[in-house]
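A.B. asks: Got a predicted structure plus its sequence, pasted below:
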Amino acid sequence: MHIAILLAGHTNKAMPARFQDYNDMFSALFTSLPQGKTFHFTTLAVVDYVFPQDINDYDGFLVSGSAYGVYDDAPFIPKLMTLIHQIHAAGKPLVGVCFGHQIIAHSLGGHAQKWDHGWGIGVKEMTMLDHPDWIDNKAETINLIHVHQDQVTRLPDGARPIASAAHCANAAFAIGDNVFAVQGHPEFDVDYTDALADLLTPKAGADCIQAARQSLTTPHDGKMVAGWILAFFAKHAA
């Protein structure tokens, strides 16, 4: 399958040079899995106003994270929302991660905003509320790395809640068979998150960062969630 990664932001320039951009993190993660070998990934940097000429050139789409919020006055955001509507109307599989999760919900009738209670950083436990057929693990809880201040506060009409967390009620959702979105970051690893925490200390506060660092000793299920994403896409293979 040919999947377009809609890159909605770039890795912070202040991060050490050893860290890749988000699209490269996703590609490396997916191709590290046996089922990922059958996928081909193309990056379209929508944040830099690079959009698909024809959505039918791709079998599926993934919207990445971003430092932007859905409410920000950035030129690419309204155009990305229009694209999300087009992809959804065409019935093509669409995945959102972090900002991607938020903008998909916001575009399709839900709501995303800054959370009044601050940042969610580190490995967070998610309670599984539903297990669609692309989720082969029936665990009641999973752990996933999160780095966000914004979150989805209202799901679109018809959305199925998939997971919830203490800090984020709408941690994952699906719409029909062609939308799957998750607030956490399967593509982030502990090393990257620890380095990013340094940059976020002035914004998130020392107590939040200390708790985040302590949580990073907890094993996380990023590869498992990546497998779910690939299984979700594979459902739509011709």
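C.D. replies: Nice, I can see it. Keep in mind it's a predicted model, so treat the numbers as computed, not measured.
A.B. asks: Which pLDDT value goes with the most centrally placed residue in the chain?
C.D. replies: Closest to where the C-alpha atoms of the chain average out (Cα atoms, centre = their mean) is residue 97, at 0.8 Å. Residue 97 is assigned 99 on the pLDDT scale.
A.B. asks: Identify each of the strands in the chain and give its residue range.
C.D. replies: 2-6, 40-44, 60-63, 94-97, 111-114, 120-128, 141-148, 150-154, 159-165, 168-175, 179-182 (DSSP state E).
A.B. asks: Redo these as JSON lines? Include distance to residue 105.
C.D. replies: To be clear about C-beta, it is placed using only N, CA and C from the backbone, and glycine gets the same treatment. Listed next are the strands of the chain as JSON lines, based on distance: least, Cβ to Cβ, whole Å:
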{"stretch": "strand 2-6", "distance to residue 105": "15"}
{"stretch": "strand 40-44", "distance to residue 105": "21"}
{"stretch": "strand 60-63", "distance to residue 105": "11"}
{"stretch": "strand 94-97", "distance to residue 105": "8"}
{"stretch": "strand 111-114", "distance to residue 105": "6"}
{"stretch": "strand 120-128", "distance to residue 105": "16"}
{"stretch": "strand 141-148", "distance to residue 105": "13"}
{"stretch": "strand 150-154", "distance to residue 105": "4"}
{"stretch": "strand 159-165", "distance to residue 105": "7"}
{"stretch": "strand 168-175", "distance to residue 105": "7"}
{"stretch": "strand 179-182", "distance to residue 105": "7"}
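A.B. asks: Enumerate the beta-bridge partners assigned to the residue nearest to the centre of the chain.
C.D. replies: With DSSP bridges applied, residue 97 shows beta-bridge pairing to residue 182.
A.B. asks: C-alpha coordinates for stretch 207-219, CSV please?
C.D. replies: This file holds the C-alpha atoms of stretch 207-219, laid out as CSV (Å, rounded to 0.1, in the frame of the first residue of the first chain):
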residue,chain,number,x,y,z
ASP,A,207,7.0,19.2,38.4
CYS,A,208,5.4,18.1,35.2
ILE,A,209,8.7,17.3,33.6
GLN,A,210,10.0,15.4,36.7
ALA,A,211,6.8,13.2,36.6
ALA,A,212,7.3,12.7,32.9
ARG,A,213,10.9,11.6,33.3
GLN,A,214,9.9,9.1,36.0
SER,A,215,7.2,7.7,33.8
LEU,A,216,9.7,7.0,31.0
THR,A,217,11.0,4.0,32.9
THR,A,218,7.6,2.3,32.2
PRO,A,219,7.7,0.1,29.1
